[in-house]
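the following comprises the amino acid sequence and a computationally predicted model.
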There are 2 protein chains.
Amino acid sequence: MELELARELTVEAESKIVLLVMDGLGGLPHPETGRTELETAYTPHLDRLAKEGMCGLTVPVGPGITPGSGPGHLALFGYDPYRFQVGRGVLEALGIDFDLQPGDVAARGNFCTVDAQGLITDRRAGRIGTEKCMELCQKLRQARLEGVELFIEPVREHRFVLVLRGEGLSDQLADTDPQREGRPPLPATATAPEGESTARLVNDFLAQAATLLRDEAPANMLLLRGFAKRPHWPTMQEVFKLRAAAIAYYPMYRGLGKLVGMTPLPSGPRLEDAISSLRENWGRFDFFFLHYKATDTAGEDGDFDRKVEAIEAADKALPALVELEPDVLIVTGDHSTPAVLAGHSWHPVPIVIRARWARADACDAFNEVELQRGILGTFPAKDVLPLALAHAGRLKKFGA
Amino acid sequence: MELELARELTVEAESKIVLLVMDGLGGLPHPETGRTELETAYTPHLDRLAKEGMCGLTVPVGPGITPGSGPGHLALFGYDPYRFQVGRGVLEALGIDFDLQPGDVAARGNFCTVDAQGLITDRRAGRIGTEKCMELCQKLRQARLEGVELFIEPVREHRFVLVLRGEGLSDQLADTDPQREGRPPLPATATAPEGESTARLVNDFLAQAATLLRDEAPANMLLLRGFAKRPHWPTMQEVFKLRAAAIAYYPMYRGLGKLVGMTPLPSGPRLEDAISSLRENWGRFDFFFLHYKATDTAGEDGDFDRKVEAIEAADKALPALVELEPDVLIVTGDHSTPAVLAGHSWHPVPIVIRARWARADACDAFNEVELQRGILGTFPAKDVLPLALAHAGRLKKFGA
């Protein structure tokens, strides 16, 4: 549903919608057993949801497309992931809970190694430790730019975030990372005329950084990419008339929620933590996004057994969520992260929607194979929210 | 996936993709047995592919839309068949392997019969034989146009192709075929101002043709339609980073491949011939389009049993294809040609995709009924290539 149409059709109501995102939920069969992580896990509570609810598989972005965390979540929030794209610099800043202001320009930074000729010999400066990164960021904070406030914030290992704050800044800048060793770092260049003055400022910063880092080894230079401003999108309140909350332990996911107007609430790494927070804030919001990270982390690490455990741990916590009796309860993922691939993938993602007016289907277990038989079929993730709104009694009739 | 996005997301890889198009593959039940051509045929190798791979049905163009050969194939090549349309004149030229150059204008020609008043009495000149057609084309080659080279090439029976080659020609011309008998052939008229000088040239040709054919009977005049230039589309190499080959016995299908930058390779009418050619060229390409015509020809002839035989003959050849172990093997059709309809139809088309990271589904036979249970569901044919690219490790992550 286009957001313009959503603005017209949505109405306020007393109903509650809960969206539980088990990050990287979808999987692939283990080569020895032929069973996926979900098929392997003991999940009586998820299976019961599958029996009671509407089942299917979502396509996060498009057929064959492997989504990053941004598009995977935005689709579930009802925002077309092609139309609502968020730059790398912004995602990195969200990931460290940096409070980006309108007009700020953020970039992802890497410390790197250059030789005596200024050619890059290591784009990641030997993956220096996070403490070293913090020390180098502190050193870079000596840099000064006329009329611009600089923020240099460590992330992890060789990674940091650069934020420029001031009047008239532009994010129309190309990366300074040539993406290859044996070349010098590129100067900042504008990709549109309005980027020219900001490019000069960034080049001034790069010159100062080169001096400040000169005697550091191996991290004696830096590379910048993904210059971006925080986008200003219509909020879920404006578009869907939902007071929305983001209950996520990791900053990036709270940040993604904030981009669409969600209020961040405290959480912890366990699903129990998120559910406690949910319970405490039950009366204040209409829509709750709960983020559970452990499934993705295990998948990314290629650890099949740990992903199975992460699924089982979430399953144990589920009854506390069901007991709250949300009008619409959705359990799904933002993308698949099969342990056998040790990374995100394009495979459709399991979903169940439990709601009073759901039509029954034949599914009685929550896994990739069984859910193929579900009534929802395989469908775009951006259609999840309109379905939730309908089942929550929050959509008027279209047309007379 | 829009081609613009494909350009961004595709990467080069070592992997091989094979697309076997069994033309007109989909069918309908025989009125006596209630079984389709595929259900009737003995196809152990296709059935094995269905067991091992991801199954479903494709919608070539849109629900209810019966595709011609052009859109049916272009969708499978990853080109949106609405956006990438090819004119009739070009398709006819491709069909006789005529090497259309940029700027050439091609039209489909029909010899027809006109009476003493110049009114059409038979739009197909009594379907004269192909030899007569060749003789008449030879005669027409006496026509001369100022500054324009003319090609008049026989096709079959009353059909031929006219190609104009020269500077500044336009294809913005209406058909000269009034589509009814009892009327005179229409003069060529421009459908846009830039077509006016070309319309004058075509009318000059028509006047000369009338004179040259005056004493011929029944083919004493001609009708032209589908004026078109060869489109210039981005190639599969440019968009998908695929070195692509077209292995097709019939010129039109080689031509369709050439329109998207495929290299034509030799073939024969049997699938074995195509597979031999594939094997010989295995190292030179990333993507192989194999075309098998016999299924469609039998369907068009309304010959149910011969279509069953054509399917069984292809099935026998399949192991040689599977043995090559392409990373992604797709078997499907460009549209359905049910023998009971003796023509193309709008019915979804069986498909199986075999690849390492495929999720299992419940299908264990390759036919229209069984494949409805497949994991791919019923989906647009233009999504086949993005799925193939994903499974071939040729797509980067979308968004951070």
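It's in. Just so you know, these numbers come straight off a predicted model, no measurement behind them.

alpha carbons only for contacts and neighbour counts from here, please
OK.

got the contact list for the residue of the stretch 101-250 of chain A found nearest chain B?
For the stretch 101-250 of chain A and chain B, the shortest gap (C-alpha to the nearest C-alpha) falls at A:Gly226, measuring 9.8 Å. Each residue near A:Gly226 by C-alpha atoms under 8 Å, 6 or more residues apart in numbering or on different chains is listed here: A:Gly87, A:Arg88, A:Gly89, A:Ala106, A:Ala107, A:Arg108, A:Ala174, A:Asp175.

which strand or helix spans it?
Following DSSP states H and E, one finds A:Gly226 within strand A:221-229.

can you sort out which of the contacts of A:Gly226 also neighbour chain B?
The subset of the contacts of A:Gly226 within reach of chain B, by C-alpha under 8 Å from any C-alpha of the partner chain, is A:Gly87, A:Arg88.

so which of the contacts of A:Gly226 are in helices?
Those of the contacts of A:Gly226 mapping onto helices are A:Arg88, A:Gly89, per DSSP state H.

which of the helices or strands spans A:Glu153?
Element membership of A:Glu153, judged by DSSP H and E, is strand A:148-156.

hmm, who's touching that strand?
Applying C-alpha under 8 Å, 6+ apart, the contact partners of strand A:148-156 are A:96, A:129-130, A:133-134, A:137-138, A:140-141, A:144, A:160-167.

got the buried residues for that strand?
A:Val148, A:Leu150, A:Phe151, A:Ile152, A:Glu153, A:Pro154, A:Val155, A:Arg156 (16 or more other C-alpha atoms under 10 Å in any protein chain shown).

stretch A:187-196 too?
A:Pro187, A:Ala188, A:Thr189, A:Ala190, A:Gly195, A:Glu196.

next one: that stretch to chain centre, how far?
What separates the centre of stretch A:187-196 from the centre of its chain is 28 Å, taken as C-alpha atoms, centre = their mean, to the nearest Å.

same check on stretch A:175-195?
Taking C-alpha atoms, centre = their mean, one finds stretch A:175-195 lying 26 Å from the centre of the chain it belongs to.

near chain B, which residues of chain A?
Counting by C-alpha under 8 Å from any C-alpha, chain A sits next to chain B at A:28-29, A:62-71, A:85-88, A:91, A:346, A:369, A:372-373, A:377-378.

just these: which are in strands?
A:Gly377, A:Thr378 (DSSP state E).

and for whichever helix in chain A runs longest, what's in contact with it?
If you go by DSSP H, chain A has its longest helix at helix A:304-323. In this structure, residues lying in contact with helix A:304-323 by C-alpha under 8 Å, 6+ apart are A:30, A:37-38, A:40-46, A:270-272, A:275, A:294-299, A:329, A:339-340.

same check on stretch A:355-375?
Defining contact as C-alpha under 8 Å, 6+ apart, one finds that stretch A:355-375 is touched by A:26-27, A:36, A:38-39, A:43, A:46-57, A:327-329, A:349-351, A:378, A:391-392, B:359-361, B:373, B:375.

residue contacts, A:Gly78?
Neighbouring residues of A:Gly78 by C-alpha under 8 Å, 6+ apart: A:Met1, A:Ala381, A:Lys382, A:Asp383, A:Val384, A:Leu385, A:Pro386.

thought the last one was touching A:Met1?
It stands for A:Pro386. Yes: A:Pro386 is within contact range of A:Met1, at 6.7 Å (criterion: C-alpha atoms under 8 Å).

pLDDT at the residue nearest the centre of chain A, what is it?
With distances taken as C-alpha atoms, centre = their mean, A:Ser69 lies nearest the centre of chain A, 3.5 Å away. If you check A:Ser69, the pLDDT there is 90.

list the contacts for it?
A:Ser69 sits next to A:Asp334, A:His335, B:Gly399, B:Ala400 when contact means C-alpha under 8 Å, 6+ apart.

tell me the SS of A:Gly393?
Here A:Gly393 is coil, with the state taken from DSSP: H, G, I helix; E, B strand; the rest coil.

what is the neighbour count of it?
For A:Gly393, the neighbour count with other C-alpha atoms under 10 Å in any protein chain shown is 18.

please apply the same query to A:Arg214.
Around A:Arg214 there are 14 other residues, counting by other C-alpha under 10 Å.

thought A:Asn220 was touching it, still the case?
Yes: using C-alpha under 8 Å, A:Arg214 makes contact with A:Asn220 at a distance of 5.4 Å.

and A:Pro386 and A:Met1? which has more neighbours close in?
The neighbour comparison of A:Pro386 against A:Met1 (other C-alpha under 10 Å) goes to A:Pro386, with 20 against 14.

which stretches in the stretch 1-150 of chain A count as strands?
Using DSSP state E, counting those that start in this stretch, the strands of the stretch 1-150 of chain A run over A:17-22, A:54-59, A:105-114, A:120-122, A:148-156.
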